[in-house]
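**Q** Can you look at this prediction? I've put the sequence above it.
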Amino acid sequence: MDDEESTRPHIESLIVREFSQVASNWRAAESAQLYLNRHKIPVIWDVDTRALVRHIRKVGALRGIVATDGTPADQLVYEAKQLPLMAGQELAGR
């Protein structure tokens, strides 16, 4: 708790190449996985994030949803299409 700078994480999901299951801070009260689970933030790992970034640079910002709860892909695609377009959004303030 001493290292927390806000009351909650300000991310909606986390996509990484590698995700350590080990808490490396000696003051850590829980692992990153437990912390993110507690805040209901989905995490996916083993993703080629460099390829993902190259794709986004090539085609532009995309709408998307990260889900780990078994929701069917067609439902997730439908939900993603309902999201506002990324163009013109000022996301840093949210």
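**A** Looks like it arrived, so ask away. Numbering: from 1, shown residues only.

**Q** Tell me if I56 really is in a helix.
**A** Yes - when classified by DSSP: H, G, I helix; E, B strand; the rest coil, I56 is found to be part of a helix.

**Q** mind checking the SS state of the closest residue to it other than its chain neighbours?
**A** Leaving out its chain neighbours, the residue that sits closest to I56 by CB to CB, 6 or more residues apart in numbering is L62, at 6.5 Å. For every residue, glycine as well, the C-beta is placed using N, CA and C. Recorded secondary structure, L62: coil (three-state DSSP).

**Q** now do L52
**A** Local secondary structure at L52 is given as helix here, using three-state DSSP.

**Q** if I pick it, what's in contact with it?
**A** Contacts were defined as CB atoms under 8 Å, 6 or more residues apart in numbering; by that measure L52 touches I15.

**Q** how does it look with 10 Å?
**A** Residues counted as contacts of L52 (CB atoms under 10 Å, 6 or more residues apart in numbering) are 15, 17, 62.

**Q** hang on, the first one packs against I41?
**A** No - the pair I15 and I41 does not pass the contact test of CB atoms under 10 Å, sitting 11.2 Å apart.

**Q** any idea how far F19 is from P72?
**A** Relative to P72, F19 is positioned 25 Å away (criterion: CB to CB, to the nearest Å).

**Q** what about V47, distance to V22?
**A** Distance of V47 to V22, computed by CB to CB: 20 Å.

**Q** Also M86?
**A** Using CB to CB, which is the criterion applied here, M86 is 35 Å from V22.

**Q** So for those two, which residue has more residues nearby?
**A** M86 (12 against 7; other CB atoms under 10 Å).

**Q** what about the chain, any weak spots by pLDDT?
**A** Judged against pLDDT under 70, the low-scoring parts of the chain cover residues 1-2, 94.
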